[in-house]
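Enquirer: Got a predicted structure here, sequence first:
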Amino acid sequence: MKIRIEIDQTIAEEEIVIRCRELSEELQRIQRAIIEETEKGASFVFYKNEKEYYLPLDEILFFETEGNIMWAHTAGDLYKVRYKLYELEELLPSTFIRISKSTIVNVGHIYSIERGLSSVSTVQFQGTHKQVYVSRHYYKLLRDRMEEKRLRL
């Protein structure tokens, strides 16, 4: 595999192009890594007690809905978000993945996954008591994403 960087001061926006005979798993991992790196600094507006907060997405453990309200959870706090779950799915970087009808989790903060006797598994985060549940429908997708994360380390 060759890597080449061309410097052109006349272009308006940087562009990364990958030329290949076929889209292999390795190239897909490289693509995801580039996307994640470029989205690291992204932040959303979060709300709490009539105040606006601008937090980096990396601080968010998970998003969950409760009725008509969307909540963003950090290790020690809780913020409102003015997006629907399906909108967040489209806006968030690939480090976030949907794990149930009401929850999107940041795989970078997952400490453990406990497989339950029923169809529900539990995700725990390091340094906090907070936990979320993975539905049977999303479990394999989460396990695959965790395996990809492990292979990148």
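Expert: In hand now; what should we look at?

Enquirer: which residues of the protein score low on pLDDT?
Expert: Applying pLDDT under 70 to the chain flags residues 38-43, 151-153.

Enquirer: quick check: longest helix of this structure.
Expert: Ranked by residue count, the top helix of the chain under DSSP state H comes out as helix 136-152.

Enquirer: Tell me where this protein has strands.
Expert: Assigned by DSSP state E, the strands in the chain fall at 43-48, 51-56, 62-66, 69-73, 78-81, 96-100, 103-106, 110-114, 121-125, 131-134.

Enquirer: will you turn these into TSV that also has mean neighbour count?
Expert: Quick note: C-beta positions are derived from backbone N, CA and C, even for glycine. Formatted as TSV, the strands of the chain follow (neighbours: other C-beta atoms under 10 Å):
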stretch	mean neighbour count
strand 43-48	15
strand 51-56	11
strand 62-66	18
strand 69-73	19
strand 78-81	17
strand 96-100	22
strand 103-106	22
strand 110-114	14
strand 121-125	18
strand 131-134	19
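
Enquirer: Reformat those as a markdown table; add distance to residue 10.
Expert: Formatted as a markdown table, those follow (distance: least, C-beta to C-beta, whole Å):
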| stretch | distance to residue 10 |
| --- | --- |
| strand 43-48 | 31 |
| strand 51-56 | 33 |
| strand 62-66 | 41 |
| strand 69-73 | 41 |
| strand 78-81 | 39 |
| strand 96-100 | 36 |
| strand 103-106 | 38 |
| strand 110-114 | 44 |
| strand 121-125 | 46 |
| strand 131-134 | 48 |
